[in-house]
Every structure is written in structure tokens, then in C-alpha cells.
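Engineer: With the input below, show me the fold.
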Amino acid sequence: MVTTLIIVAIIALIVFYIIGVYNRLVSLRNRFQNAFAQIEVQLKRRHDLIPNLVETAKGYLSHERETLEAVIQARNSAASGLKAAAANPGSQKAMAELGGAEGALTQAMGRLNVVMEAYPDLKASQNMQQLSEELTSTENKVAFARQSFNDAVMQYNSYRQSFPPVAVAPLVGHGENASFLEFEDSAQIQSAPRVSF
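Structural biologist: Below you'll find the model as predicted:
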């Protein structure tokens, strides 16, 4: 009788421990999914601002149609990548595709900025200045949201990889690590070319 009680008590402890690990994993996964939702909000804002920027620039850059079309195409690709990533935040494939699409958009925007430098009237336009400020503010918000997401992913992965949760995680549906969201360094892309005399 005593042995049966001890065995039942041990089984109960194991079950409660597994429940605790599962609840912690769910909590950490929900945290990084919420952090991704914040990225999604800011990226949607960025994607919504870009057509306005292009429309404003069209009047001044009528013969730079290729650059404007490249920006719109990159924006549409990034919006599609965002939609796919939102369906499965933390997925390695989705995060890589989103990072690549956003990197391409940043490169296209960098080329647009270089072209706009040649048009002082465009740079002086009140509407263009306002859109540029909003876009810069949004870029900063994206960076902060991405940092928060990556921190939450790191916490989830660290807990999931620690022992004994690493043994329990696959049994309760948490078999894979979440992936970080990494973009190309926009400062590197948008830096001015160096000229030496």
C-alpha cells in the first residue's frame, strides 16, 4: 500500500512538472508571437507610407520610372512576406523570407533616396519632408519591435533548450526553436559612397 502511494505520488509529481513545463513554453511562445504582432503593425505602417512617398516623387521623377517601379515591387513582395510570417511567427522559413523581402525593400528605398538627392525641389517639398520623417520614425519603431521580438525568441529558445525542458518540449508540441528576425543593415545600404581626391 505504501509503495503504491509512493509510485502514485512520483507519477503525480512528474505529470505536474510536465504541465508546468508546457505552460511555461506556451507562455514564452505567446510572448514572442505578441512581439511579432508589434513588428507587423509597424511594417504595415511602413508599407502603407511607401506608396504615398512614390506618388509624391512621381511628379518630380517622371523619367526615373524604373526606380519607382522597383520600390513598389519590393514593397509588394515585403507585404506578402509579412503576411506569410504573421501566419507562423518564429518559423525559420517565414522569418528568412520576411528578412530577405524587407532587405530588398530597404535596398530599393536606398536607391530611391540616392535618386531623390539629385532633385532639390523634391527634397524641399513639404509633403516629401513629412513622409520622410514619418518613414524614419516608423523605421525606428520597427527596429525596437524587432529587438523585442528577438529577445522574446531568445528567452523561448533558451528555456526550450535547457534541461529537463528539452526532453519534455518535443512531447508537448514544442519540438523546434523559433527563429530570429534579421534584416540587412540599412545603414550599410544607405551610406553615401566614399569619394577620394
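Engineer: So what's the gap between stretch 69-83 and the chain middle?
Structural biologist: The chain centroid and the centroid of stretch 69-83 are separated by 14 Å, computed with CA atoms, centre = their mean, to the nearest Å.
Engineer: For it, list every residue counted as buried.
Structural biologist: Neighbour counts using 16 or more other CB atoms under 10 Å place 70-71, 74-75, 77-79, 81-82 of stretch 69-83 among the buried residues. C-betas here are computed from N, CA, C, even on glycine.
Engineer: Report the backbone C-alpha coordinates of that stretch in PDB.
Structural biologist: Listed next in PDB are the C-alpha coordinates belonging to stretch 69-83 (Å, rounded to 0.1, in the frame of the first residue of the first chain):
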ATOM      1  CA  GLU A  69       8.600  50.600 -60.000                       C
ATOM      2  CA  ALA A  70      11.400  48.700 -58.200                       C
ATOM      3  CA  VAL A  71      10.300  50.300 -54.900                       C
ATOM      4  CA  ILE A  72       6.600  49.400 -55.400                       C
ATOM      5  CA  GLN A  73       7.600  45.800 -56.400                       C
ATOM      6  CA  ALA A  74       9.800  45.400 -53.400                       C
ATOM      7  CA  ARG A  75       7.100  46.800 -51.200                       C
ATOM      8  CA  ASN A  76       4.500  44.300 -52.500                       C
ATOM      9  CA  SER A  77       7.000  41.500 -52.000                       C
ATOM     10  CA  ALA A  78       7.700  42.600 -48.400                       C
ATOM     11  CA  ALA A  79       3.900  42.900 -47.700                       C
ATOM     12  CA  SER A  80       3.500  39.300 -49.000                       C
ATOM     13  CA  GLY A  81       6.400  38.100 -46.800                       C
ATOM     14  CA  LEU A  82       4.800  39.800 -43.800                       C
ATOM     15  CA  LYS A  83       1.500  38.100 -44.400                       C
END
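Engineer: Quick one: mean pLDDT for it?
Structural biologist: Per-residue confidence for stretch 69-83 averages out to 92 on the pLDDT scale.
Engineer: Let me see the ranges of the helices in the chain.
Structural biologist: Along the chain, the segments classed as helices by DSSP state H run 2-58, 65-87, 92-117, 120-124, 126-161, 165-168, 186-190.
Engineer: tell me which strands and helices the longest one is in contact with?
Structural biologist: Okay, so that is helix 2-58. The contact analysis (3 or more CB pairs under 8 Å, 6 or more residues apart in numbering; DSSP states H and E) places helix 2-58 against helix 65-87, helix 92-117, helix 126-161, helix 165-168.
Engineer: circling back to that earlier point, quick check: which of the helices of the chain is nearest to residue 180?
Structural biologist: Smallest distance to residue 180 across those (CB to CB): 4.8 Å, for helix 126-161.
Engineer: what packs against the closest one?
Structural biologist: For helix 126-161, the helices and strands in contact under the criterion 3+ CB pairs under 8 Å, 6+ apart are helix 2-58.
Engineer: low-scoring stretches of the protein, by residue?
Structural biologist: Within the chain, the set of residues satisfying pLDDT under 70 comprises 62-63, 184-197.
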